Structures are given as C-alpha cells and as structure tokens.
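[1] give me the fold of what follows.
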Amino acid sequence: MQYLFTSSILFLASLVSPLTAAIPKTAESESAVILGGGIGALTSALYLARAGLHPLVIEGELPGGLLAQSHSVQNWPGEMEIEGHALTDKVRMQAEANGARFLKGEVVKVDFSKGPFVLTTRPLDMKDKTREILADSCIIAMGTTPNFLGVPGEQAYWGQGVTNCAICDGALYRDQVVGVVGGGDAAVLEAYYLSKIAKEVHVFVRKGQLRANESTRIQALMEQPNVQFHYNKEVIEVKGDGTSVTGVVLKTGPDTVEDVPLDGLFLAIGSRPNTQVFQNKLELDGKGYVSLKKDQETSVHGVYAIGDIADPVYKQAISAAGSGAIAALQSQQFLMEKSNHPVALNQGEKKDSPSHEVLEIASFAQFENELKQANSPVVVDFYATWCGPCRQLAPMFEASAHRLSGKVKFFKVNVDKVPDLSRFYGIRSMPTVLLFDSSGKVLERKVGTDQIAALLEHLQPDTSL
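    Have a look, this model is predicted:
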C-alpha cells in the first residue's frame, strides 16, 4: 500500500482563511483578528504569527497600550529597568517580523452570533467610513478606560491642569506643585514619577492607607522629601482661574473642608473595562468585565479575552502577556478543530485521553507486538503532556485517525512513560511523528507543528493497491 502526498503546503499557513472559503467575498476575511494593541495583544500576535496565521491586529488609539506610557518598568522578567514604550516596541517589531499585520482603527460593532464573526471597524481619522472584517477567531484585548472623579471643575479644566497621565504631561509641571488622587499602584507610580520633576507632590487618599501592592515602590515614594500624603480626605472640587487649575477643595470631615493650592491634578483612581461594544454579544460580569469560561475563552466559542478587559483584580503587564499567549494557543487549536475535525468537539468538552481509534502505547514490547499485527501503515505520535504544540496537534491527530479508520493504525507514545522506545527511534524533539509501512519500516519522520500538520492533512491511502 502506497501513500500519496498531494501537496507540500504547510497546513497552519493554509489556515489564513479556510473557514470563509465558501462565503462570498463581501468583506475582508481573516483567520485571527486581535482587537487592541497592548502587551497582551502583541503577545497574542507574536504567537499566532509564529504559527503561520498572519494575524491582523487592530491597535486603536494607543499603540502599545497603557504600558507604553510607563516611564519605568522594573518588574518585567529579564529587564532590570526599561521604558514601557521600548518594551512594547520590541514585542511589536518581533510580532511584525514573524508575519503579524497592524491596522489603526476602532471596532464599532461586532456580530458573534455565528462564524465567521463579523467585525465592523472604522479608521481613527475617518469617523464616517466603516469596513467589515470576517474573522474565524477573535482575541479581545481592548483594556480599560481611566475613571473620573465627577466633581465640579474636573471637566472644565481637563487638559488645563487636570490629566490622568503623569508620564505624558509630568514634564509640563517641572518645579511646580501637583496633586495625585488615588491610593493604588497606579497612584504610587504616578506620584513617584512626579516627585522627580515637581516641587511638591500631594497624594490624596480617601481611605486611611494606601492599597498598592508593591511595598518597595511605596517605601521609595514615602522616602521622597517633597511628597505629602493626605489620608481620609476626598477631592470634592477642582478650582481654577478660568485658564488653569489653581487648587482643589478637600472634604476632611462631615462638615469641614480644606483648600490645597495646586498647579496641576493627576487622576489615578482606577478604570472601567472597554466592553460597551460587547454588550449583549458576550457574557459580562457585574462590573462590565468579560467573563471567561475555559482559560481565556469567552461565552462564545472561538472568541477570547485577555488582559485588563477580563481581569478586574491583577491588571499587570506580565499577566496580560501570559493570557495573550494562552489565548493564541487556544485560537490555534480552535482553528485546527474547525478545519480538520469532521465532527467538532462539544464546547467545553475536555479530551484527556485519545479516542478508541488511537491506541496509547504503554511499553516497548506492546509497540513491537502491535506493529507486527497491524498489517497496515502505522502513524506514531511521540508526545509529552507538558508540550504545548503536542496538545495543539492532538485534535488533528484524532481527526486523521477517524478519517482513516480501518485503513491506517494510529498510535501515541508518551516519551516520559516509554523512554526506551523514544530512545530507540532517536526522538530528540517534540512533537515527532513517524510513519511506518505495513512491514514496520519507517517511511517518514516529521518534527514540529508545521511538518506534522502538513503530513496529517494530506495523508491519503491508495486503497487500489
């Protein structure tokens, strides 16, 4: 029995738009679309690009996200200190070099009711022009929007002394007196940065203590001689002279207030998730954050959410990047299942073990015996439970076993449980797949996601021989 390999085109690269082939080209078609341009989105783009999927990133008004506005990042693994924009620029260039594409625009409407998903976008500088993009999978990384106090004078002096970005505007207040509202990590970071620039920094905290998590940064802030803390005091008004801020009014007790002269006021009082466009499209929690079901998957199969828009607790750059990687891997598996599995797995179903059409090999002796009795070609998958690409390929391996049932045998070998068999066949990288003929001779050795996917996709027995 011989095998015909009809094409050498890499399977993952062919996923650029397989699900929309039968759909009229009334809109642009993409395999994977990422909404947002922060560190989580960039990480997803990198992973998807390296898988050959050429993702489209719609990065919005703030390329690099909020991290790009950070003057000093000191908790990124491998970097003692780096400017936020330098870090995000590095990841963006890495993603782009691997095939990711970037589009400046905003998402104004989504339709997740069926696949492919329909994303309506418009350019940032052309509010009256929209375009539709068909997406086989979608990763949402649109972050959050800073909150406002909602007090008199705040909006009147917005951009005239009231701001929410010390990194952006701090240099305008060199040797002046400024205030920072908030008690969390963002407020501590803003105040510390401003302490290096401003003459005085007043930190207004509604509670009796800071609630920030980084003790080293809190200690560094408290050691600054030009920083003064105002605990249990609430800003109730922003005052000005008609052109710029002159101070704030603090509520210090039930019936007492205090005026504090200022040249500028910086807001660091939290944020709200940018989920307005997903209302009634995805399941959201009580605070408006995207609810997650399995890892980063949302209430819609094939749609994933990462970073701050789905994280009301941690809101860290590194956790956003980690969730971005997870979502990318989930997206890859979703696309492979949709393209190759004749009967898709039920949503949320967990496949911990191979189907009855795939035999798990437990020993060298069992393998030799099964190979002798096969009387047909045999495909053997050498894998490990800790190998991410192995898990990605598992659905396709089972799909191939189903498609070729009765004509080809499919075995799986856990290299940690059957190391002698792995050594005998010189398995040095995972995943590795070997193709044996009916006599037990190795015909093909494929290593890595691309090679194995191509082999399985185009493997066809010549049943006439």
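
[2] so how far is residue 121 from the residue positioned nearest the centre of the chain?
    The centroid of the chain falls nearest to residue 324 when counting by CA atoms, centre = their mean (2.0 Å). Separation of residue 324 from residue 121 (CB to CB, to the nearest Å) stands at 20 Å. (C-beta placed from N, C-alpha, C; glycine too.)

[3] now swap in residue 28 and tell me
    10 Å.

[4] again with residue 373
    Taking CB to CB, one finds residue 373 at 57 Å from residue 121.

[5] same deal with residue 291?
    For residue 291 relative to residue 121 (CB to CB), the value is 24 Å.

[6] these two: who's more crowded?
    Legend: neighbour count by other CB atoms under 10 Å for residue 291 and residue 121, higher for residue 121 (23 against 13).

[7] which regions of the chain lie under the pLDDT threshold?
    1-27, 71, 168, 340-356, 386-388, 461-465 (pLDDT under 70).

[8] domains in it, as residue ranges please.
    The record's domain parsing of the chain by automatic domain parsing lists 13-144+272-340, 162-269, 351-461.

[9] residue 152: which of these is closest?
    Set against residue 152 and scored by CB to CB, the domains of the chain come closest in domain 162-269, at 4.8 Å.

[10] quote the end-to-end distance of that closest one.
    13 Å (CA to CA, to the nearest Å).

[11] equivalent analysis for stretch 204-222, please.
    14 Å.

[12] centre of the chain to that stretch, how far?
    Relative to its chain's centre, stretch 204-222 lies at 29 Å (CA atoms, centre = their mean, to the nearest Å).

[13] cool, stretch 48-65 as well?
    For stretch 48-65, the distance to the chain centre is 10 Å (CA atoms, centre = their mean).

[14] which positions within that stretch qualify as buried?
    Applying a neighbour-count criterion of 16 or more other CB atoms under 10 Å, one finds 48-60, 63-65 buried in stretch 48-65.

[15] show me those that map onto strands.
    56-58 (DSSP state E).

[16] residues in contact with the nearest residue to residue 88 once chain neighbours are set aside?
    Nearest residue to residue 88, sequence neighbours excluded (CB to CB, 6 or more residues apart in numbering): residue 64, at 3.5 Å. If you count contacts by CB atoms under 8 Å, 6 or more residues apart in numbering, residue 64 has them with 37-39, 42, 84-85, 88-89, 92.

[17] the helices in the stretch 101-250 of the chain, which residues?
    166-169, 185-195, 215-222 (DSSP state H, counting those that start in this stretch).

[18] ok, now which ones touch the residue nearest to residue 123 when sequence neighbours are not counted?
    In space, and not counting its chain neighbours, residue 123 is closest to residue 105: 5.2 Å by CB to CB, 6+ apart. Residue 105 makes contacts with 58, 60, 121-124, as judged by CB under 8 Å, 6+ apart.

[19] any idea how far residue 105 is from residue 132?
    12 Å.

[20] repeat that for residue 454.
    32 Å.

[21] of the two, who's got more company?
    Neighbour totals were compared for residue 454 and residue 132, and residue 454 leads with 20 against 13 (other CB under 10 Å).

[22] distance check, that one against residue 309.
    In terms of CB to CB, residue 454 sits 36 Å off from residue 309.

[23] PyMOL command for the buried members of the contacts of residue 64?
    Buried residues among the contacts of residue 64 (16+ other CB under 10 Å), as a PyMOL selection:
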select buried, resi 37+38+39+42+84+85+88+92
